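Asker: The following comprises the amino acid sequence and a computationally predicted model.
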Amino acid sequence: MPAIGPQRDGEQMAGGRTTGMDGRHKDGYKDRRKDDRYKWVALANTTAAVFMSALDGSIVLIALPSIFRGIHLDPLALGNVNYLLWMIMGYGLVQAVLVVALGRLGDMFGRVRIYNAGFVVFTIASVLLSFDPFEGGHGALWLIGWRMLQAVGGSMLMANSAAILTDAFPTDQRGFALGINQVAYLAGQFVGLVAGGVLASLDWRAVFWVNVPVGVFGTLWAYRKLRDTGPRGGGGRVDWWGNITFAVGLGAILIAVTQGIQPYRDHTMGWTNPAVFGLLAGGVLLLAAFVVIERRISEPLFELSLFRIRAFTAGSAAGLAVSVARGGLQFMLIIWLQGIWLPLHGFDYSDTPFWAGIYLVPLTVGVLVAGPASGFLSDRFGARGLATAGMLVFGSSFVGLMLLPVDFPYWAFGLLIAANGIGGGMFAAPNSSSIMGSVPASQRGVASGMRSTFQNAGTTLSIGVFFSLMIVGLASSLPDALTSGLRQQGVPSDTAHQVASLPPVSSLFAAVLGVNPIGHLLESNNALSSLSPAHQQTLTGREFFPNLISEPFHHGLVVVFAVAAALALLAAVASLLRGSRYVHPVAPGQLPLPSTEPSPMDGALSVSTTSTPSTPKDRGSGEDSS
């Protein structure tokens, strides 16, 4: 029987695969079996890499109290807030700036090559982080510097993992594969909170040790088993001016955000600081120049033409909104638990990181349950409905959190954060699948990098946005609450006013770190020793500071969750507008994606190079279709 399609019997396909009756037993069946095994290897390795990178982005957050104690750094001393901010935001800032460039390099020089190098860099940085030889500010700078190198390795992994999977998996299994990968990212973020609490209770260095065995094994496995299976694009030219303007412009904006939430002169925040204004203005101008450069260059860093694809544009917009909402959620929940709820329920400050991680388990469970299921279902029913429904659940959970009292019943809190995880899990896999499936195969690396850039930039920006909203809420009522509470405990009025002038950002970070700043500040003024033992015990106890900060904190919390709910609604609208068709067509003469299983018909028929895999419901061309 002759081969189906334009090929002649015995003609070779791209990559040397023989078609027709004579060659089918030599290459076709074995190649498809090999492709089928390889895709699961690629999924397992990239899932481990993405999980590790995401875990390290959050594991430090909840371990910060132990880290600061371990390097003997006073978090409330003048200027030390900078160290704290860069420990929190530096990792995400580097990833946001570099990930798109590294995705582009993967398209040009090989996605697996850049990905494998990322494993090496990440693992080396993890080892160096755990051997901090310094204390105080120098110890903090050591950690910040190597965290940034670690973020470079994580960026190399994140930028190319989705592209490697999209190359390896056929269309009708791509949603499942990318769903597993994206769920690993979300799970890593939330498992990091639990792991950080558990490991920090043993030794703060264990927070970084945990990456080393995974990194070593993953590196060796990747170099032995992974290979490039998709086409490359863009030739060998690097868009230097695009790289420079994008990195410096976005970096300037994100640095301005970190400085904007710090006090400036007599202001509670630094948004009036000329340096902050200059960084914001300069960053915007550089990004405008970046857009002009990208429109004129033949091989751009940011493939702006991808925004003509409705599924890509809508999915990216939805992903950005979700990243802003979810990034702020992590910090607010940590502050709520470590700084207020756990101390009010009898937990020592030194134990709050561990228990905060434990009490956030329902969030992780929600993601792990919903994520794989939504990826599986999106392959059969399309992305639009699942992603939109997920965002409605996600937003509803924020509304529920707004209605909770500060001293909440845990069962209600647990149900709401589980719903938040379920909504996020329902959204992640279909959204990633529609974004990656809508672009040409030769541009999957840059598309993956752009997707990760929106994700990381959104998370980093959310810290500045939500902290600013929270600080505004604290600044309006916290000073009066502190003054009144201190005077009731016998503190002289002048001293009470002086302590109450503590910048709101310091109170906020004291809550993040599980530190009671009242005793620290009164001791520095020699006021604590003049009080009665009963008043001293009250002021330095577990409940005084949480009780004082709870109402001002709740005012800010309601605003933060309202903004997050609005962002979830925007993401739902964007998901609904992505269109019903979001698989980029295979170009004539282009090798289609490998089959998932060898067909029983392989013994009789050969497959044409122009055949396109059957697509699930609601799929088709990715070009601005409805």
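Answerer: That came through fine.
Asker: Do a quick rundown of the strands in this structure.
Answerer: Assigned by DSSP state E, the strands in the chain number zero.
Asker: Any regions of it where pLDDT drops low?
Answerer: For the chain, applying pLDDT under 70 flags the ranges 1-35, 78, 230-236, 514, 524-525, 579-626.
Asker: how does it look with 50?
Answerer: 1-30, 587-626 (pLDDT under 50).
Asker: For the chain, give the helix that spans the most residues.
Answerer: Scanning the chain for the helix with the most residues, using DSSP state H, yields helix 444-488.
Asker: And that one, what does it pack against?
Answerer: Counting contacts by 3 or more CB pairs under 8 Å, 6 or more residues apart in numbering; DSSP states H and E, helix 444-488 is packed against helix 80-109, helix 136-168, helix 240-260, helix 310-334, helix 410-437, helix 493-500, helix 504-512, helix 544-576. To be clear about C-beta, it is placed using only N, CA and C from the backbone, and glycine gets the same treatment.
Asker: between the ones you listed, which one is nearest to residue 370?
Answerer: Relative to residue 370, the nearest member of the helices and strands packed on helix 444-488 by CB to CB is helix 410-437, separated by 3.2 Å.
Asker: residues of the closest one that come out buried?
Answerer: Within helix 410-437, the residues scored as buried using 16 or more other CB atoms under 10 Å are 413-414, 416-437.
Asker: One more: stretch 74-83?
Answerer: Residues of stretch 74-83 classed as buried: 75-76, 80-81, 83 (neighbour count, 16+ other CB under 10 Å).
Asker: ok, residue 309 touching residue 438?
Answerer: Yes. In this structure residue 309 lies within contact range of residue 438 using CB atoms under 8 Å: 5.0 Å.
Asker: about what we covered before: would TSV of the helices and strands packed on helix 444-488 with distance to residue 460 be doable?
Answerer: Written out in TSV, the entries for the helices and strands packed on helix 444-488 read as follows (distance: least, CB to CB, whole Å):
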stretch	distance to residue 460
helix 80-109	4
helix 136-168	11
helix 240-260	5
helix 310-334	7
helix 410-437	18
helix 493-500	31
helix 504-512	16
helix 544-576	15
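Asker: Which one of those helices lies nearest to residue 117?
Answerer: Nearest to residue 117, of all the helices and strands packed on helix 444-488, is helix 136-168, at 5.9 Å by CB to CB.
Asker: Please name every helix or strand in contact with that closest one.
Answerer: Using 3+ CB pairs under 8 Å, 6+ apart as the contact definition, the elements that helix 136-168 packs against are helix 29-70, helix 80-109, helix 111-129, helix 171-200, helix 410-437, helix 444-488.
Asker: Turn the ones you listed into JSON lines, including distance to residue 138.
Answerer: JSON lines is the format used below for the helices and strands packed on helix 136-168 (distance: least, CB to CB, whole Å):
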{"stretch": "helix 29-70", "distance to residue 138": "14"}
{"stretch": "helix 80-109", "distance to residue 138": "10"}
{"stretch": "helix 111-129", "distance to residue 138": "14"}
{"stretch": "helix 171-200", "distance to residue 138": "21"}
{"stretch": "helix 410-437", "distance to residue 138": "38"}
{"stretch": "helix 444-488", "distance to residue 138": "25"}
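Asker: who wins for proximity to residue 154 among those helices?
Answerer: Nearest to residue 154 among the helices and strands packed on helix 136-168 is helix 29-70 (3.8 Å), distances taken as CB to CB.
Asker: about what we covered before: and the buried residues of stretch 74-83 as JSON lines, adding distance to residue 550?
Answerer: Converted to JSON lines, these look like this (distance: CB to CB, whole Å):
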{"residue": "75", "distance to residue 550": "20"}
{"residue": "76", "distance to residue 550": "20"}
{"residue": "80", "distance to residue 550": "25"}
{"residue": "81", "distance to residue 550": "22"}
{"residue": "83", "distance to residue 550": "27"}
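Asker: Pick out whichever of those sits closest to residue 475.
Answerer: Where those are concerned, and distances follow CB to CB, residue 475 has its nearest neighbour in residue 81, at 15.5 Å.
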